[in-house]
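Peer 1: Take a look and give me a structure for this.
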Amino acid sequence: MSVVKEVHFSPDREPRPSAEELPMQVWLDDTDTPADVIDAMALSPFATGAQPWSRSTNLGRVRAGAPMTAEGGRLLRVAQHTDGHEARLIAGEGWTLRVVRHSNRSAVLTATAVSEELAGAVLAEATRGAEEPGPDQDHVRMGFWWRSSRGPYRSAKPITTSPWDQIRDNYPRTAVGRLDALMTMTDRDVTGRLLLLHGPPGTGKTTLLRTLAREWAGWCQVDCVLDPELLFSDPGYLMDVAVGWDGPDDETEGPRWRLLVLEDCDELIRSEAKQSTGQGLSRLLNLTDGLLGQGRDVLVAITTNEDLNRLHPAVVRPGRCLAQVEIGRLDAAQAARWLGGTGAAAVGTGGATLAELFALRDGRHVEPSEPSASTGLYL
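Peer 2: As a prediction, the model looks like this:
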C-alpha cells in the first residue's frame, strides 16, 4: 500500500513569497528513496521562484575527501547507498546546493540561488580543487554506459591511448592496410554503420579501439557499453544510449558522430542469435541501418572471437559494415622481428598473438602455439 505525503521545504532564510513565486507540492510513496527526497527538496526553491537562478556541472575524477560545499553552508540531508552512491543537500544564505557522488568517482552538482552571481559563486567554490588532474600521458575522453538500479547512466573518463603510428607494428601485415584506412577515416567517408573486429583473444582489439578513439577524436565521440546484453534486451535503455545523449563532455561543442563499442558480443551476432537472444539481433540491425538509426549519426563497433562463418549473415552482408577486419596472429617472421634478438627463437611456426609476444618479451614462458583450424576461414 502506498503512503502519500505532501512535502514542503524552506531552505535557510528563504525570502518571503512574492508575486513571482509558484506553489510546489511533492507526493511521495513507498517506491521513492531518500535520494528522491533530496532531489525534490533541491528543486523546491527553484520551482517556487524563491531561488530562480540555477547552475549545474559534472565532475569526473573527484578527490576522496573533497568537501564540495560553500562558505556558510549547512548540511541538511545525506542519503547514502552501499554501492557508493551518495546525495547531499546543503543550504546557505540565499542558496541551495545538491551534490550527488557516484561510485566511479564522478559527481553532479546543482546550485540554486537568489541571483545569477550567487549561484555561480556557490558552484565555483564547491567545485574548486575537487577534481584530480587528468593523466599526464596522452589520453582521450571516452564515455561508459551501464544500467544501474537508478536507470541508464553515462560517465566520461580520460583513457590513455597511443597514436596509431606507435602501435602499427603490433598488428599482422594482412590487416595493417585496412587499419591504416580506418584510422584516417573522417565523417565524410562513412558508408556502413557497423565496425566488426574479429580474431582470437589476445590480439589487441581493445587497444585498437582506444587508438581509434584518439584518431577519430576530431569528429567522433566513442562510448563503451559495459552491459551490451542488457542494452539490446531493454528498449528503454537502448533509446537512452542511442538517442538520449547529445551533449559534450567538456563544455565545448561536441563531435557530431558517436561510436558505440560493444566488446565480446559473440552471442548477439552468431548465426543462431535470433533464437538465443530474441529481439537483440533485430534491434542491433535496426540501430545500424533501420528506422532507429535514421537521423542519428551513430556507429557501432563489435569485437568478437568468432569465426566469420559462424556469424549471422545479416550482420556481415555487403553494405552494412563500415569495416570488417580480422585482427589475427602475427606470422612467425613478423613475430620474430617484433621480438628481435634471441627472443625470436621462442616463436613457433604458427606465429604468436600480441599477448604472447609481450609475455615473451617480459621473460615469461609461453608454450609455442599453432593457429586454430578455424583461423583460415577468416577473411
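Peer 1: Name the residues of stretch 207-220 that are buried.
Peer 2: Buried residues in stretch 207-220, defined by neighbour count with 16 or more other CB atoms under 10 Å: T207, L208, L209, R210, T211, L212, A213, R214, E215, W216, C220. Backbone N, C-alpha and C define where each C-beta goes, glycine included.
Peer 1: Contacts made by it with the rest, please.
Peer 2: Taking contacts as CB atoms under 8 Å, 6 or more residues apart in numbering, the residues outside stretch 207-220 that touch it are 138, 140, 142, 159-164, 167, 170-171, 179, 182-187, 197, 222, 255-259, 261, 263, 299, 301, 303, 327, 354.
Peer 1: Separate out the buried members of these.
Peer 2: Listed as buried from those are 140, 142, 159, 161, 164, 167, 170-171, 179, 182-183, 185, 197, 222, 255, 257-259, 261, 263, 299, 301, 303, 327, 354; burial here means 16+ other CB under 10 Å.
Peer 1: can you map out the helices along the stretch 201-350 of the chain?
Peer 2: With DSSP state H, counting those that start in this stretch as the criterion, the stretch 201-350 of the chain has helices at 205-215, 228-231, 235-243, 266-269, 273-277, 280-289, 332-339.
Peer 1: what's the helix or strand for V78?
Peer 2: Applying DSSP states H and E as the criterion places V78 in strand 74-80.
Peer 1: Just list what that strand packs against, helices and strands only.
Peer 2: Applying 3 or more CB pairs under 8 Å, 6 or more residues apart in numbering; DSSP states H and E, one finds that strand 74-80 contacts helix 34-48, strand 86-92.
Peer 1: just the angle between it and strand 86-92, please?
Peer 2: Calculated by axes from the mean of the first three to the mean of the last three CA atoms, to 10 degrees, strand 74-80 forms an angle of 170 degrees with strand 86-92.
Peer 1: who touches strand 74-80?
Peer 2: The contact list for strand 74-80, computed with CB under 8 Å, 6+ apart, reads 11-12, 33-35, 37-38, 41, 69, 86-92.
Peer 1: which of those tops the neighbour count?
Peer 2: With neighbours taken as other CB atoms under 10 Å, the top of the contacts of strand 74-80 is I90, carrying 27 neighbours.
Peer 1: just checking, that one touches L97?
Peer 2: Yes - look at I90 against L97 with CB atoms under 8 Å: they come within range, at 4.4 Å.
Peer 1: Need the overlap of contacts for the two.
Peer 2: Common contact partners of I90 and L97 (CB under 8 Å, 6+ apart): T69, A70, G73.
Peer 1: quick revisit: in strands, which of the contacts of stretch 207-220 appear?
Peer 2: Residues from those lying in strands, with DSSP state E as the criterion: 140, 142, 159-160, 197, 222, 257-259, 261, 299, 301, 303.
Peer 1: For the nearest residue to A332 once chain neighbours are set aside, give me phi and psi.
Peer 2: Nearest non-adjacent residue to A332, counting by CB to CB, 6 or more residues apart in numbering: G351, 4.9 Å away. In terms of degrees, to the nearest 10, the main-chain angles of G351 are phi 80, psi -160.
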